[in-house]
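Colleague: Take a look and give me a structure for this.
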Amino acid sequence: MTILSHLSVVAFTATYGLTAITSIHAFAPPSPSLPKTSTGTTSTSTQLYIIGPMIRKMREKEDKKNMPMADAAEARSEAPGLRVGANAWKWPPVWPYDGNFFKREVEMNAKANANPLANPMQMMMGGDAPDANGGENSTDVSFDSLKFWGEKSEVRTELDERVAEKITNHYSFYLRDGMSVLELGAADNSYLPPTLKLNKHVGVGAVQSQMDANPSITSSLIVDLNNVIDDDGVDSAEFGELCDEGFDAVIMANTIDFLNHPREVFKSSWRALKPGGVMIVPFLAKDAYADKFDEAFTKQWRDMTDDQHMWVCGSFFQFSAGEGWDGLKGFDISPDDARKESDGNMLSKLQQNNDSDKPCGAFVVQAKKKFMEEEVDENDVEGFISSRLWMMPALEDRDKKLVAPRLARAYDALTSQDDKDRMVQHFGSLPKIYASLIKMDQFAFTFSMQAQLAADLLGDPDFEGNDLQVNNMKMGLGLRKPSKDFWAPVGKLTAAMTPEEKVNLLSYIVPRFGSGDAAQDEALEAFVSGLEPTFAVIRSKCPTMKERDVQLLGSELLASEVLKVRNGASSSTREEFAVWLGALSEVDLEFILTKRKSFKDDATQELESFKEERDAETKRVEDRREKIQEQVMAARENRSVIFNPRTGKMEEAEKKGGFQFPGF
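Modeller: Sure, this is the predicted structure:
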């Protein structure tokens, strides 16, 4: 991991809730003034004086660390062990991990050996530093997952029965008879309730013989979950067809510790679920089976603590489909007598050695697939658009939040239903746009400007996202060498305009390319050849006008009159535009410029109002949801019977001899 990527993970840990590993010196040297025994050791009272407060502090720290981040009402409606509630998670705006975070030790060592440190003198003389992510001297060693697990086919995980029971009980709370279940990382035991009668249980794993030995699995498929299409999903046609069938639940126990590309696996899982379906991801403490499968563990599993694993697993949900997941929750389902994870101090290590016969810890992270809007709701256009962005590649969560309200405004601005339908059809062009805009991050081209450009392009009925349009967008942004006959002169003649003004002009020009219409090609030629004379006329009429304003006013007047072609002709020919411009006075031109600048202020105010209305509506929905939840909890507290997940029956609640949820 590079220094930069290491710092990003540390920042993620400090900011977003991952518990950092700290070192506590449990034994302090005895004070010379303290009495000694005849053997030279500190007296018993002295030992208690030194060690007792340390133990107490350690316990207080442990209790604080284990304090659940979920309210009691939420806990009562979920399975026992709720640790992190749906509203407790916090995430950075972009995927916080580099590729090395999910590599194995053998892969990391191979890269380090193939890419030694560069010669310091070479670097001082202007040579390049070694590429931490690879280069001509680096060699990527891939880990063959199917081969590894095939060679381990006779090795069984063999969970402690107390841990297995906890996983089974958790499943019993959410899985019901008649469900269809897809299991990823399937082997010989699924830990499902023995009385559960599923309609279908499809196992996806690496070893056929293990899945054949699993009595619960009705059909199986060999798939390498580490073979993926970047930012899309698991690379398997058979698996893709399987996901299209739609499942009520996806379970994936003790598998995230071995995934090279977890985000893509979770994307595929989201696709596999029916709306409202749940994905349940149990995993064990990091030391649970290190002696058996240590070679397959990824760096994130080795480096992070058990607490951190819960948050990292939660981030896989967040950065796979974002708001397409609902009710993300984390559970600590460890047996009451589970051994505690060592935090590095001596007492903790000694205690861990004494706990070798105790069961390991067990955890679960899960969420449901949110319902996706099938049609545009004119009262909530942004909600519809946001749902279309959940699984869209190339866009970070930050980009989706920025572009969705702008796309909604662009949609509302269209007056024709045909144009609105065309815009929706062209949403698939967004990844192409953002794949190019990613390269602009290093320049003074803000994320808000990127979102505005994308929204303006999609809001133009003529923009289809074809290759010619995308290539011209890249030339306009300076990501490709500009064409001599168009983008080079346009860039030179509009050099004084601000970046925001250039983005607006770019979004108007780009959709005019790729139409195949000869009249449109003539209009583009008329625009580029008409810029210089248009600016000259404006300068002569308005000698005190700033050059930036001359270029802004001239380029937009020319574009609005000449560029857009309808029914085989533009609004004006270049000659007709010249006559019209020549008839305008200085007062006319200053008035048009003032109106143009006020448009930006009005648009900014309109966007702020739009956001305020959206936030108010979101709060109204949340308040109503909380009220309904309170009513549900009141009804639950007043009822006389309750469902017992252990027996699968309704039993008398909170009365002598009756059933009561453990932990409540």
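
Colleague: elements contacting the lengthiest strand in the chain?
Modeller: Identified as the longest strand of the chain according to DSSP state E is strand 273-284. In terms of contacts (3 or more C-beta pairs under 8 Å, 6 or more residues apart in numbering; DSSP states H and E), strand 273-284 is packed against helix 161-174, strand 247-251, helix 262-272, helix 306-321, strand 362-369. (Each C-beta comes from the backbone N, C-alpha and C, glycine too.)

Colleague: go with 7 Å
Modeller: Packing partners of strand 273-284 (3 or more C-beta pairs under 7 Å, 6 or more residues apart in numbering; DSSP states H and E): helix 161-174, strand 247-251, helix 306-321, strand 362-369.

Colleague: Partner strands of it, with direction?
Modeller: strand 247-251 (parallel), strand 362-369 (antiparallel) (DSSP bridges).

Colleague: And the average pLDDT for the first one is what?
Modeller: Okay, so that is strand 247-251. Strand 247-251 carries an average pLDDT of 98.

Colleague: now the angle between helix 161-174 and it, please.
Modeller: Following axes from the mean of the first three to the mean of the last three C-alpha atoms, to 10 degrees, one obtains 160 degrees for the angle between strand 247-251 and helix 161-174.

Colleague: Just the C-alphas of strand 247-251, formatted as CSV.
Modeller: Written as CSV, here are the backbone C-alpha positions of strand 247-251 (Å, rounded to 0.1, in the frame of the first residue of the first chain):
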residue,chain,number,x,y,z
PHE,A,247,-34.3,-14.5,-5.1
ASP,A,248,-36.0,-13.6,-1.8
ALA,A,249,-32.6,-13.8,0.0
VAL,A,250,-28.9,-13.9,-0.6
ILE,A,251,-26.7,-15.4,2.1
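
Colleague: neighbouring contacts of that strand?
Modeller: Strand 247-251 has contacts (C-beta atoms under 7 Å, 6 or more residues apart in numbering) with 175, 179-184, 269, 272-274, 277-280.

Colleague: Mean neighbour count for the strands paired with strand 273-284 - can I get that in TSV?
Modeller: Converted to TSV, the strands paired with strand 273-284 look like this (neighbours: other C-beta atoms under 10 Å):
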stretch	mean neighbour count
strand 247-251	24
strand 362-369	24
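
Colleague: Might one say that Arg263 is in contact with Gln318?
Modeller: No - counting by C-beta atoms under 7 Å, Arg263 does not reach Gln318; the two are 9.6 Å apart.

Colleague: Redo the helices and strands packed on strand 273-284 as TSV? Include distance to Ala404.
Modeller: Formatted as TSV, the helices and strands packed on strand 273-284 follow (distance: least, C-beta to C-beta, whole Å):
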stretch	distance to Ala404
helix 161-174	31
strand 247-251	27
helix 306-321	15
strand 362-369	19
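
Colleague: Which stretch among the ones you listed approaches Asp98 most closely?
Modeller: For those, proximity to Asp98 was assessed by C-beta to C-beta; helix 306-321 is nearest, at 13.5 Å.

Colleague: what angle sits between that closest one and helix 262-272?
Modeller: With the same axes, to 10 degrees defining the directions, helix 306-321 sits at 60 degrees from helix 262-272.

Colleague: which helices and strands does helix 306-321 pack with?
Modeller: Against helix 306-321 (3+ C-beta pairs under 7 Å, 6+ apart) you get helix 262-272, strand 273-284, strand 325-332, strand 362-369.

Colleague: quick one: average confidence on the helix or strand following the second one?
Modeller: Read it as strand 273-284. Note on strand 273-284: by DSSP states H and E, the next helix or strand toward the C-terminus is helix 290-293. Regarding helix 290-293, the rounded mean pLDDT is 78.

Colleague: Pull out the buried positions in the helix or strand following helix 290-293.
Modeller: Moving toward the C-terminus from helix 290-293, the next helix or strand (DSSP H and E) is helix 299-303. Within helix 299-303, the residues that count as buried by 16 or more other C-beta atoms under 10 Å are Lys299, Gln300, Trp301.

Colleague: Under the pLDDT cut-off, which ranges of this structure? List them.
Modeller: Within the chain, the ranges that satisfy pLDDT under 70 run 1-68, 110-141, 342-356, 441-444, 599-619, 621-664.

Colleague: which residues of it fall in strands?
Modeller: Using DSSP E, strands in the chain cover 82-84, 180-184, 200-205, 219-222, 228-229, 233-234, 247-251, 273-284, 325-332, 362-369, 565-566, 569-570, 641-644, 649-652.
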